[in-house]
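Engineer: Predicted model, plus sequence, below.
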Amino acid sequence: MLVVRPAGPADLDHLLELAILSGPGFTSLTEDPDALSERLELSQASFRGQVAPQEAWYTLMLEDGDTGDIDGVGSVKATVGLKRPFFSFRVVNNTASSPSIGVKLDHQTLVLVNECTGWTEVGSLFLKADRRKGGAGRLLSQSRYMLIGAQPELFAENVLAELRGVFTPDGACPFWDHVAHKFFPMEFDDADRMTGSTDKQFILDLAPRHPIYTELLPEPARAVIGKVHPQGVPAMALLESEGFRPNGLVDIFDAGPTVSCGRDNIRTVRDARQLRLEITDHVEAELPALISTDSIAAFRAVRAKCDIDGEIARLTAETAAALKIRNGATIRVKS
Ligand SMILES: CC(C)(COP(=O)(O)OP(=O)(O)OC[C@H]1O[C@@H](n2cnc3c(N)ncnc32)[C@H](O)[C@@H]1OP(=O)(O)O)[C@@H](O)C(=O)NCCC(=O)NCCSC(=O)CCC(=O)O
């Protein structure tokens, strides 16, 4: 059975393998072992409640309970933008009109902004290729909302996700090449790495201070503003099915979209029910449900069949063992 569980320092080799598989341009999964090791320490401390709530960064691993293989990762950052700014371009429409000569024009511009301060971010969603298209991606993605729902007060009222922007098959990034690189004379990967590892002062120093009129940009750059990387389309579909929508912000390097949703309006947060576990020999339900523990410290999530009867949820002993819980425990279930 596939189980989503907290990541800790012992997952370094697995996380490094996933980071390498995810390739360049996946900002939040750097291939730097020291950074990953720090991240795993922080994850463990976050699940144990040993860091201030706003500093928590929960990393979750998808584990095959039968083989012990680690097939995917996902995460929730309790807040962004508090210690370091969270820069984006806001896509702004400016209407220019001159009634006296009968002209009215809409100009789209990109304006550097630092919004979303204190928001929660879901990210780092990555699944090994041979596991895709079978529901594991949805389990991994939704388990983050079960985590948020277990203790919503530890997270912000608004939740965002950043999707990767468009890269061509040969690895070129049209928005970077035609726009961002003019302001940041470095390799994309270096800018990307510095975004994650510095206070982002270089962005404040070098980023455009004035609106960029998009109609003045070359077509290949204009065409990708707010567009998702082809490989990010399933991730976008998963977010949209939870209620996330583009919020008009795009990444300053690759122009990928930011999507957001009110925490309590995320479907899985809103619809999951708190129930009491009763272990049974046989479950009649035909379709599996999303089931998690009701605790951040002992968080685990699975997809398994479950009979609901009032406030009782009946699971097999195998499912209860995968969740590491006993009869009578409180669980959270999303049918
Ligand atoms: C994102 C995942 C984990 C998703 O897993 P899977 O590929 O197995 O997902 P899936 O079940 O095949 O598809 C998920 C849903 O998307 C739909 N779907 C798939 N391809 C589609 C397409 N081309 N157009 C429209 N919808 C599409 C499926 O029908 C399905 O919905 P139904 O179930 O309704 O049929 C994976 O694709 C992956 O590892 N991708 C590479 C890394 C990546 O790009 N990660 C996102 C980075 S961005 C990020 O991390 C922030 C976002 C976030 O954290 O959530």
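Structural biologist: Thanks, I have the structure now. Residues are numbered from 1 along each chain as shown.
Engineer: Would you mind giving the secondary structure of Thr109?
Structural biologist: Here Thr109 is recorded as strand under DSSP: H, G, I helix; E, B strand; the rest coil.
Engineer: Tell me what it is bridged to.
Structural biologist: In this structure, Thr109 bridges to Val92, Tyr213 when assessed by DSSP bridges.
Engineer: Not counting residues beside it along the chain, what's closest to the closest residue to the ligand within the chain?
Structural biologist: Nearest residue of the chain to the ligand: Gly137, at 2.0 Å (CB to the nearest ligand atom). No exception for glycine: its C-beta is placed from N, CA and C like everyone else's. Leaving aside its chain neighbours, Gly137 sits nearest to Leu127 (5.0 Å; criterion: CB to CB, 6 or more residues apart in numbering).
Engineer: quick one, phi psi at the one you found?
Structural biologist: phi -130, psi 140 (degrees, to the nearest 10).
Engineer: need the contact list for it.
Structural biologist: 62, 71-72, 136-137, 140 (CB atoms under 8 Å, 6 or more residues apart in numbering).
Engineer: re the thing from before, the residue of the chain closest to the ligand and Leu238 touch, don't they?
Structural biologist: Yes: applying CB atoms under 8 Å as the test, Gly137 and Leu238 come out as touching, 6.6 Å apart.
Engineer: Can you tell me which residues in this protein are near the ligand?
Structural biologist: 122-127, 132-133, 136-138, 141, 161, 163-164, 231-235, 237-239, 241 (CB under 6 Å from any ligand atom).
Engineer: again, only using 5 Å
Structural biologist: Residues of the chain lying near the ligand by CB under 5 Å from any ligand atom: 122-123, 125-127, 132-133, 137, 161, 231-235, 237.
Engineer: can you count the residues close to Pro234?
Structural biologist: Other residues lying near Pro234 total 16 when counted by other CB atoms under 10 Å.
Engineer: where does it sit relative to Arg138, distance-wise?
Structural biologist: Using CB to CB, to the nearest Å, Pro234 is found at 9 Å from Arg138.
Engineer: excluding its backbone neighbours, what's nearest Arg245?
Structural biologist: Closest to Arg245 by CB to CB, 6+ apart is Val259, at 5.9 Å.
Engineer: Could I have the CA atoms of stretch 287-305 written out in PDB?
Structural biologist: Extracted C-alpha coordinates of stretch 287-305, given in PDB (Å, rounded to 0.1, in the frame of the first residue of the first chain):
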ATOM      1  CA  LEU A 287     -14.300   3.000  -4.100                       C
ATOM      2  CA  PRO A 288     -11.300   3.900  -2.000                       C
ATOM      3  CA  ALA A 289     -11.300   7.100   0.100                       C
ATOM      4  CA  LEU A 290      -8.500   9.400   1.200                       C
ATOM      5  CA  ILE A 291      -7.700   8.700   4.800                       C
ATOM      6  CA  SER A 292      -5.200  10.300   7.200                       C
ATOM      7  CA  THR A 293      -4.400  10.500  10.800                       C
ATOM      8  CA  ASP A 294      -5.700  13.600  12.600                       C
ATOM      9  CA  SER A 295      -2.300  14.700  13.800                       C
ATOM     10  CA  ILE A 296       0.600  16.600  12.300                       C
ATOM     11  CA  ALA A 297       3.200  15.000  14.600                       C
ATOM     12  CA  ALA A 298       2.100  11.500  13.600                       C
ATOM     13  CA  PHE A 299       0.900  12.300  10.100                       C
ATOM     14  CA  ARG A 300       0.300   9.500   7.600                       C
ATOM     15  CA  ALA A 301      -2.100   9.300   4.700                       C
ATOM     16  CA  VAL A 302      -3.300   6.500   2.400                       C
ATOM     17  CA  ARG A 303      -6.000   5.800  -0.200                       C
ATOM     18  CA  ALA A 304      -8.000   2.800   0.900                       C
ATOM     19  CA  LYS A 305     -11.500   1.400   1.100                       C
END
